[in-house]
Every structure is written in C-alpha cells, then in structure tokens.
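Asks: My questions are about this predicted structure, shown below with the sequence.
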Amino acid sequence: MNKSALQLARAAYQPKLPKGLQGVVNLKAGKATQSVGDQEEIKKLFPNTYGLPLVEFVPSEGEQDDVNPKMNVGVILSGGQAPGGHNVICGIFDRVKRLNPDNKLYGFLLGPSGLVDHKYVELTADIIDEYRNTGGFDIIGSGRTKLEETSQFESGLEIIRQLDIKAVVIIGGDDSNTNACVLAEYYLANKTGVQVIGCPKTIDGDLKNDQIETSFGFDTACKTYSELIGNIERDANSAKKYWHFIKLMGRSASHIALECALETQPNICLISEEIQEKNMTLDDIVADMAATIAARAEKGDNYGVALIPEGLIEFIPAVKKLIAELNDLLSSEEYMADAPADRIEWLNKHLSADNAPVFSSLPRVFAEQLTGERDPHGNVQVSLIETEKLLAEMVAKKLDDMKAAGQFKGKFAAQHHFFGYEGRCAAPSNFDADYCYALGTSAAELIARGKTGYMAIVKNTTAPAEEWKAGGVPITMMMNMERRNGKMKPVIRKALVELEGKPFKAFAAKRDEWKKNTCYTYPGPIQYWGPTEVCDRTTETLALEQSK
Ligand code: FBP
C-alpha cells in the first residue's frame, strides 16, 4: 500500500495514556448510581445492569488487581465515521495483548450486522500497525444496523461462542450505546457470561453529559471544518465580493456549528436550538440575515461568511409542523391512489390551512427536497437538504425587495458549501489520537475485571493527557425514557446546545461584534508536531465547559 510522508511519520506516534492506565492498574469503585430520569422504569427494564457503581482506574505502586487476563474480544464500529476509531481499536489490541499475548481481537465487519451475520476478521499486529493514528473506519468498516432484536442477540451469541469471545466492544453514538446496554442486559439475564462495553463516538458532539466530557471525533472534525472555514474567510476578505453560506454537518444538535464559530468568528452563525427556543420562522431567519448583510453593505463590505447547522430545518417550529404533515400525506392512501405526476401541486392542494402557506413560500427545488425519499424510519434526510442554498436564495429575494424599498444599496452574490464528510475521516488530532487510545485501553481493562453494561470513559480531558482519569460509567446511569417512533423507549439522553451553557454564552457575547466588523480568525490545519499549545489544544467548547 502506498503511503504519504505524513502517514509514515504519523504511524510512529505513541498516544499518551493517563497515569491510571500506565503501569500497575487498579480499579476503584464509587457509589451505586441511578439513571438520570425515569428511575423506576429503567430499573425494571435493566434489572441486572441498573445501579452499578462508577469506576475509575487509579495509579498504584502496589499489586495489580486480580484480573482474568485470558480474553478474546470482539469489536464493532457503529454509525457514522469519526476520527480516532482506529485508535480505540489499537488501544484495545495493545492492552489485551499486554494482558496475555495469546488473547485475540476480532473485528466484526461493516457494523453490527457483522456480528449478526458472522462476518469478521481477526485483527493481527500487522493489520493493527497499518491503522495506528489514522482516520476512517476502514479497518473493519461501519454500518447502521440496529442491534435490538432477540434473534440478532442469539445469532451474535453463536459466533461469540465459536470464537470463544469474552466481550464485545461497541463503538458508537447514543443509539448504539443504548443498544449496547440492551445487549449487555440480555447476555447477563441469560447467564451467557458474555460482556458488552460501549465507547462514546460521534462527530456531532451530542453524546455528552456529566460523565462523558466529549464524544471522540468532535475535536478533529471541528478542527478540519474550522481550517476550511478560515480559508474561506480569508478568501472572502481578499476578494470582498461574495457571501459564503456554509452548511455544517451535525444531524440534530448545533455543537459543530457553534464550535466552528468560536474557532473562526464568522459574521453569522445560526444555532438551531436558539431558533427553536425563540419560535422563529424561516422568514424571521431570512430577515435577520438580510439585515446583517445590509448593515455590512452600508460600510462597503459586500462580503461575509454565514454558518448554518445541518439540522436547522427541523428546529424551525413551523417547518417541523409542516414536515409532520408532509410525512402523513406522503404515506396516505389517497396519495398512493392518486399517484400524482406533480407531487408539489398535489400537496399544495391537500395541506392544511396552517401549513400550506409555509410550503408554498418555499422555492420549488427545496420543496422537492423536503418531499423526497424518507429514510428507513420515515424521517426527512436532513443532510440531503440544501439549506445553505435555500437560505441564500431567500435572502437574495429579500434583499431585492429591500433594494426596491431603498433599504439596501449594496451587492449580494452568494457561494455555497457543505462541510460534512470532509471531516469525518481526517487523521485524528493529538487529542483524539490520545483520547481514543485511552478509551480503548480502558475498555480492555474493564473487560478484564468482568464489567458489562459499562461505557469506557476518560475525564479531566482539558488537563495534560497524563492527568486524565480513565474508567467506566454504567450505561443505565445516562438513560431516561423518550418517545421514539410512537413508543416510549429507554435511551441515552441526547445533548443539544444549552443556551445557558458557557460555549453558547461566549458566542452570544461576541456575535454582534462579528456581524458588524470583520473579526475572522484562521485556525489553519491540524498540527501533529510542534508546541503543545498548538498541537494538544482541545476544542473551545470543551475548554469553556470544563472551565471553573
Ligand atoms: P453518527 O451519529 O452515527 O455518529 O453520525 C453522525 C453523522 O455524521 C451526522 O452528522 C450526519 O447527519 C449523518 O451521520 C450522515 O449519515 P450518513 O453517513 O449515513 O450519510
């Protein structure tokens, strides 16, 4: 395989481990825990994995814990790619081999379906060495199959038995970790002796709470996008003739957009959670953006940069209501029977009086996207909706009206971008490389101590890596009941941007200044070697959230 100079040099990077995982490893257990909500229901659903204590690996001079060092482990990558996944697997591999060189690590292929369909590969030292400190999930591939049926658990058990696997590590987001907990409970209830450990992954940054400081991949993805945004800001500031509308990935929460705004100081950054809170309409958003553009034009600045979170559309209350009715209409018998040649025209005639004006105000292209193919759960596929183009088009129209009324004297020309897949497989930053390696190591040590239904965690992550605190949190501790697809289900609570939180407040305190003036900052590319303040810095979000 041909390798770039960076790949070759980066392969030699030795991720830093917290002290508690370095030499003799001892586990300290805390008090019993309870779920963040709906304690009675969660306890009933998880009688065997509920109430377990938080655990932490502590540095020790004394005797090593009495552990069972013989263990084959299976690993699964679940959901969207996030930088650092390979290092989690390298961390597991190195630690299971340190515990006993005969231990084996198996990777299930293409996500949870690999376990169900018995597709796997043994991860040997040669394979692992090819993937150290690299981005991507290509070592074994990923997939979005949900592990939730008993038949899937039983099918998985067959291959687990065949390969003499002691534990499965599921590397995934909130839903995958919820499923990891369901699987752990099932295997425990059925006395299979098989353990399940989760690991917090997602670039979206929405898997975080009192126990999880950040999900892995958020750091690298945001730094990659911020580099690109900084480059565009410099271009905008050089040519002074374009407004750049940049949509940023993040299915639901606006953490990525907010972090990138803190890194690059754009003129506009929309935060979906705020738009929902203020009950804003699409027209309100467009009017606000047009006002900012007109105010800059007054000073002769006919250029700027606007960041738009991917999930925005579903947070605009009126559009959310419209989407719900569209979902119903598009799956109705009447629609099926009519099979209209022009679905937009048909929908315009059938929508309720409340939603019809919102729908007809949308440009045709966008109406087409909003009524396009649903995902397997019947949801709109937000990453396929070109919100950045919709907004630019609506803003242009608004500015035309303002020009006619003498309220806008400048020029407006827009460029559009969508940054998403560009950041999900970047070579992990030092932070993600270290964090993920520690998560993998922690997962292996939890397995060696017979733990199940836990997620590997690493805390104190704004301190130097040596001072990080690794351990495990019972997954049930992070759960509550939520309505999903019409039914109440136990799920890990998703973290949206908190409008009272420090990152949003830091942004809100500065954004008026960034609107009026050109205050761009240029983070540049991720640095892997050099001064620690450049190479090892965390995200602004994490630094602000953890600041005292
Ligand atoms: P996860 O929640 O699985 O980590 O995936 C996040 C994400 O990257 C979102 O930001 C994005 O909306 C979605 O995946 C895209 O999904 P796909 O990779 O299937 O196109």
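Replies: Received it, and whenever you're ready, just let me know what you need.

Asks: what pairs with Met455 across the strands?
Replies: Listed by DSSP bridges, the beta-bridge partners for Met455 are Gly198, Val473.

Asks: before we move on, what about Leu248?
Replies: Pro309, Phe419.

Asks: if I pick it, what's in contact with it?
Replies: Leu248 makes contact with 225, 256-257, 260, 307-310, 418-420 under the criterion C-beta atoms under 8 Å, 6 or more residues apart in numbering. Using the backbone N, CA and C atoms, a C-beta is placed for each residue, glycine as well.

Asks: try 7 Å
Replies: 225, 256-257, 260, 307-310, 419 (C-beta atoms under 7 Å, 6 or more residues apart in numbering).

Asks: Equivalent analysis for Leu183, please.
Replies: Counted by C-beta under 7 Å, 6+ apart, Leu183 has contacts 147, 153, 196.

Asks: Could you export those residues as JSON lines, including secondary structure?
Replies: Listed next are those as JSON lines, based on DSSP: H, G, I helix; E, B strand; the rest coil:
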{"residue": "Leu147", "secondary structure": "coil"}
{"residue": "Phe153", "secondary structure": "helix"}
{"residue": "Val196", "secondary structure": "strand"}
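
Asks: So which of the residues you listed wins on neighbours?
Replies: Val196 (31 neighbours; other C-beta atoms under 10 Å).

Asks: mind checking how far it is from Gly230?
Replies: 41 Å (C-beta to C-beta, to the nearest Å).

Asks: again with Glu158
Replies: Applying C-beta to C-beta to Glu158 and Gly230 gives a distance of 51 Å.

Asks: Need the nearest residue in space to Pro83, chain neighbours excluded.
Replies: Thr220 (3.7 Å; C-beta to C-beta, 6 or more residues apart in numbering).

Asks: got the phi/psi numbers for the one you found?
Replies: When read as degrees, to the nearest 10, the backbone of Thr220 gives phi -70, psi -40.

Asks: Need the pLDDT of it.
Replies: Thr220 carries a pLDDT value of 98.

Asks: Can you get me a residue count around it?
Replies: 29.

Asks: That one contacts Glu422, correct?
Replies: No. Thr220 is not in contact with Glu422 according to C-beta atoms under 7 Å; the separation is 11.3 Å.

Asks: before we move on, which element is the most centrally placed residue in the chain in?
Replies: Centroid check for the chain by C-alpha atoms, centre = their mean gives Asp204 as the closest residue, at 2.4 Å. Assessed by DSSP states H and E, Asp204 sits outside every helix and strand.

Asks: Look at the nearest residue to it once chain neighbours are set aside and say how many residues are nearby.
Replies: Among residues not flanking Asp204 along the chain, Gly250 sits closest, at 4.7 Å (C-beta to C-beta, 6+ apart). Gly250: 31 surrounding residues under other C-beta under 10 Å.

Asks: which other residues reach stretch 478-495?
Replies: Taking C-beta under 7 Å, 6+ apart as the rule, stretch 478-495 contacts 35-38, 41-42, 45, 174, 177-178, 206-209, 211, 252-253, 377.

Asks: quick one: which of those residues sit in helices?
Replies: 41-42, 45, 174, 177-178 (DSSP state H).

Asks: still on that earlier bit, buried subset of the contacts of stretch 478-495?
Replies: 35-36, 38, 42, 45, 174, 177-178, 206-209, 211, 252-253 (16 or more other C-beta atoms under 10 Å).

Asks: Out of those residues, which comes closest to Phe507?
Replies: Nearest to Phe507 among those: Ala253, at 14.3 Å, using C-beta to C-beta.

Asks: ok, for the closest residue to the ligand within the stretch 101-250 of the chain, nearest residue in space, not its chain neighbours?
Replies: In the stretch 101-250 of the chain, the residue found nearest to the ligand is Thr202; the distance is 3.4 Å by C-beta to the nearest ligand atom. The shortest distance from Thr202 to any non-neighbouring residue, by C-beta to C-beta, 6+ apart, is to Gly173 (4.0 Å).

Asks: which residues of the stretch 251-400 of the chain fall in strands?
Replies: Taking DSSP state E, counting those that start in this stretch, the strands of the stretch 251-400 of the chain run over residues 268-269, 304-309.

Asks: and Leu329, which of these is closest to it?
Replies: Here strand 304-309 is closest among these (C-beta to C-beta), at 26.8 Å.

Asks: Briefly note if the closest one comes near the ligand.
Replies: No. Using C-beta under 6 Å from any ligand atom, strand 304-309 stays clear of the ligand, with a minimum separation of 10.0 Å.

Asks: Report the distance from that strand to the chain centre.
Replies: Counting by C-alpha atoms, centre = their mean, to the nearest Å, strand 304-309 is centred 20 Å from the centre of its parent chain.

Asks: Can I get it in PDB? Just the C-alpha atoms.
Replies: These are the backbone C-alpha positions of strand 304-309, laid out as PDB (Å, rounded to 0.1, in the frame of the first residue of the first chain):
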ATOM      1  CA  GLY A 304     -19.200  37.700   4.600                       C
ATOM      2  CA  VAL A 305     -19.400  34.200   6.000                       C
ATOM      3  CA  ALA A 306     -22.500  32.500   7.400                       C
ATOM      4  CA  LEU A 307     -22.500  29.100   9.200                       C
ATOM      5  CA  ILE A 308     -25.700  27.000   9.000                       C
ATOM      6  CA  PRO A 309     -26.100  23.800  11.100                       C
END
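
Asks: what packs against that strand?
Replies: helix 218-239, strand 243-248, helix 255-264, strand 268-269, helix 282-298, helix 387-404 (3 or more C-beta pairs under 7 Å, 6 or more residues apart in numbering; DSSP states H and E).

Asks: Turn those into a markdown table, including distance to Lys166.
Replies: Shown next, in a markdown table, are the helices and strands packed on strand 304-309 (distance: least, C-beta to C-beta, whole Å):
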| stretch | distance to Lys166 |
| --- | --- |
| helix 218-239 | 30 |
| strand 243-248 | 40 |
| helix 255-264 | 35 |
| strand 268-269 | 47 |
| helix 282-298 | 52 |
| helix 387-404 | 46 |
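
Asks: okay, the ones you listed in a markdown table with distance to the ligand next?
Replies: Listed next are the helices and strands packed on strand 304-309 as a markdown table, based on distance: least, C-beta to the nearest ligand atom, whole Å:
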| stretch | distance to the ligand |
| --- | --- |
| helix 218-239 | 8 |
| strand 243-248 | 9 |
| helix 255-264 | 8 |
| strand 268-269 | 17 |
| helix 282-298 | 20 |
| helix 387-404 | 12 |
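
Asks: between the ones you listed, which one is nearest to Ile526?
Replies: Nearest of the helices and strands packed on strand 304-309 (C-beta to C-beta): helix 218-239, 5.0 Å.

Asks: what distance separates that closest one from the centre of its chain?
Replies: Worked out by C-alpha atoms, centre = their mean, helix 218-239 lies 19 Å from the chain centre.

Asks: any idea of the angle it forms with strand 304-309?
Replies: Helix 218-239 runs at 150 degrees relative to strand 304-309, counting by axes from the mean of the first three to the mean of the last three C-alpha atoms, to 10 degrees.
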